[in-house]
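Undergrad: Below is the sequence, then the predicted model.
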Amino acid sequence: MQFKYPELLYALFLLVIPLIVHLFQLRKFEKVPFTNVAFLKSVAIKTRKSSQLKKWLTLITRLLLFAAIIFAFSQPYFSKNNTLNKTTETVIYLDNSFSMQAKGDSGILLKRAVQDIITNIPENEKFR
């Protein structure tokens with residue numbers, strides 16, 4: 001799998017922000033005076049575990065949603081051909097103008113350019 005915009009995958013590091021907010025509970029709660037607290041304590045114990053489970057499931061859902069959006073914007077695709085063992089075809093254009101007919105330190109510049117190309121090509125290259 002390859003990505004059209006792989007640099008967008010760095011945005012996955014932003015998923016740390018909701019995790020930090022969840023772990024540190026950065027919300028401020030307001031105290032409300034209440035007369036009979038004994039009844040509320042028994043209700044709070046029963047609902048605390050299910051409330052924590054709901055919070056964790058909500059966090060995981062949010063993280064997966066954000067990760068899916070970031071993943072979609074990076075535009076993944078599967079390459080149809082295997083480019084690892086494929087021979088490549090190279091087109092070479094040489095400047096055969098008057099300036100390339102000049103003599104340099106190692107002879108005529110055009111001949112030197114041709115020799116550089118011949119010595120630096122890989123073995124599995126095809127030329128047109």
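TA: On my side now, so go ahead. Numbers count the residues shown, from 1 in each chain.
Undergrad: going forward, measure contacts between C-alpha atoms and count neighbours the same way
TA: OK.
Undergrad: hey, where'd the strands end up in the chain?
TA: 2-3, 76-77, 89-90, 103-104, 107-108, 126-127 (DSSP state E).
Undergrad: Comparing those strands, which comes out most buried?
TA: The highest mean neighbour count among these, using mean count of other C-alpha atoms under 10 Å, belongs to strand 2-3: a mean of 14.
Undergrad: Can you list the neighbours in contact with that one?
TA: 74-79 (C-alpha atoms under 8 Å, 6 or more residues apart in numbering).
Undergrad: Equivalent analysis for stretch 108-128, please.
TA: By C-alpha under 8 Å, 6+ apart, stretch 108-128 touches 87-92, 94-96, 100-103, 106.
Undergrad: in it, what counts as buried?
TA: 109-110, 112 (16 or more other C-alpha atoms under 10 Å).
Undergrad: and if you look at stretch 63-73?
TA: The neighbour-count check on stretch 63-73 (16+ other C-alpha under 10 Å) flags 63, 66-67, 70-71 as buried.
Undergrad: circling back to that earlier point, will you turn the contacts of stretch 108-128 into JSON lines that also has pLDDT?
TA: Listed next are those as JSON lines, based on pLDDT from 0 to 100:
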{"residue": "87", "pLDDT": "62"}
{"residue": "88", "pLDDT": "64"}
{"residue": "89", "pLDDT": "71"}
{"residue": "90", "pLDDT": "74"}
{"residue": "91", "pLDDT": "78"}
{"residue": "92", "pLDDT": "80"}
{"residue": "94", "pLDDT": "78"}
{"residue": "95", "pLDDT": "82"}
{"residue": "96", "pLDDT": "79"}
{"residue": "100", "pLDDT": "81"}
{"residue": "101", "pLDDT": "82"}
{"residue": "102", "pLDDT": "85"}
{"residue": "103", "pLDDT": "85"}
{"residue": "106", "pLDDT": "80"}
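Undergrad: Return a selection command, for use in ChimeraX, containing the buried ones of the residues you listed.
TA: Applying 16+ other C-alpha under 10 Å to the contacts of stretch 108-128, the buried members can be selected in ChimeraX as follows:
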select :100
